[in-house]
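Peer 1: predicted coordinates and the sequence they were generated for:
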Amino acid sequence: MGLRFTTRASDSAWIDTVWTCAAERVTEMTSVATACWGLVFWEQDGRSFAGVTGPETRSGVAPVPEGASFVGVEFAVGTSLRTVPMARLVDSGLELPGFELAGCRFEVPGADDVEALVARLVREGVIVRDPVVGPVSQRTVERRFRAATGLTQGAVRQILRAREAATLLAGGVPAGDVVMRTGYFDEPHLARALQRYVGRTAGQLREGAGGAIALDLDQLVTS
């Protein structure tokens, strides 16, 4: 496919995943729905760039700078940028000229430097978190959840379920088993979710077809 995503977990409670990829002979890719917002850094022709990626509520097609290499971080659900309403980032993003956030300038990190960068962003108050605690109503929980993530709790569950289903299918799990394991009503229900959130059919995921995709399909859990 010319584009391979790799992801790793992190021991930081603020981070969902750290990812890297390099573009070879690829000019576009399928972006996959995600409940997380993130930061992405890339190098192309000796120049460094940075940006904010928002939660994505459906799959789409995204351009890929030729010959670029990327480092990215997806933040845990519930974290947010202090100066940017999360609703503004949904299905969108921001360029960060000079990698400046909230009036502070930061160094572009390597893949092994992400945790140190995030720790500094937290210390500087650039990234905040709103844990919903205490005896509050469900409506209050939903309102605060949406303010912190830009998405409803239901949307987050649907996105995460579709991503899990895609990974299982790519690992060779039959569609019927995936339906049972992920709680879809039937295979047509699964197919509609895959098309909306992943931009692939079950057959394409099994065969590795459909071109470059922003999903680490090597992280397979088939037990």
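Peer 2: Cool, the structure landed.
Peer 1: per-domain residue ranges of this protein.
Peer 2: Under the assignment automatic domain parsing, the domains of the chain span 6-129, 153-207.
Peer 1: point to the residue nearest the middle of this structure.
Peer 2: Residue closest to the average C-alpha location in the chain (CA atoms, centre = their mean): Thr34, at 4.4 Å.
Peer 1: how close does the closest residue in space to that one that isn't next to it in sequence sit to Glu142?
Peer 2: Excluding its sequence neighbours, the residue lying closest to Thr34 (CB to CB, 6 or more residues apart in numbering) is Glu56, at 5.2 Å. The C-beta positions use only the backbone N, C-alpha and C, and glycine is treated the same way. Taking CB to CB, to the nearest Å as the measure, Glu56 falls 20 Å from Glu142.
Peer 1: of these two, who's got more company?
Peer 2: Neighbours around Glu56 and Glu142, counted as other CB atoms under 10 Å, are more numerous at Glu56. The numbers are 24 against 14.
Peer 1: helices or strands up against the longest helix anywhere in the chain?
Peer 2: Under DSSP state H, the helix in the chain containing the largest number of residues is helix 153-170. Here helix 153-170 touches helix 138-149, helix 175-182, helix 187-197, helix 202-207, going by 3 or more CB pairs under 8 Å, 6 or more residues apart in numbering; DSSP states H and E.
Peer 1: figure out how far the helix or strand of the chain with the lowest mean pLDDT is from the centre of its chain.
Peer 2: Lowest on mean pLDDT, DSSP states H and E among the helices and strands of the chain sits strand 104-105, with a mean of 84. Centre-to-centre, strand 104-105 and its host chain are 24 Å apart (CA atoms, centre = their mean, to the nearest Å).
Peer 1: thought Val77 was touching Asp130, still the case?
Peer 2: No. Counting by CB atoms under 8 Å, Val77 is not a contact partner of Asp130; they are 10.7 Å apart.
Peer 1: overlap in contacts of these two?
Peer 2: Counting by CB atoms under 8 Å, 6 or more residues apart in numbering, the shared contacts of Asp130 and Val77 are Ala148.
Peer 1: those two - which one has more neighbours?
Peer 2: Val77 (19 against 13).
Peer 1: the helices and strands packed on helix 153-170: which one's closest to Glu124?
Peer 2: helix 138-149 (18.8 Å; CB to CB).
Peer 1: burial count for the nearest residue to Glu164 once chain neighbours are set aside?
Peer 2: Leaving out its chain neighbours, the residue that sits closest to Glu164 by CB to CB, 6+ apart is Thr182, at 5.7 Å. Around Thr182 there are 18 other residues, counting by other CB under 10 Å.
Peer 1: who's in contact with Thr182?
Peer 2: 161, 164-165, 168, 190.
Peer 1: switch the cut-off to 10 Å
Peer 2: By CB atoms under 10 Å, 6 or more residues apart in numbering, Thr182 lies in contact with 160-166, 168, 173, 190, 193.
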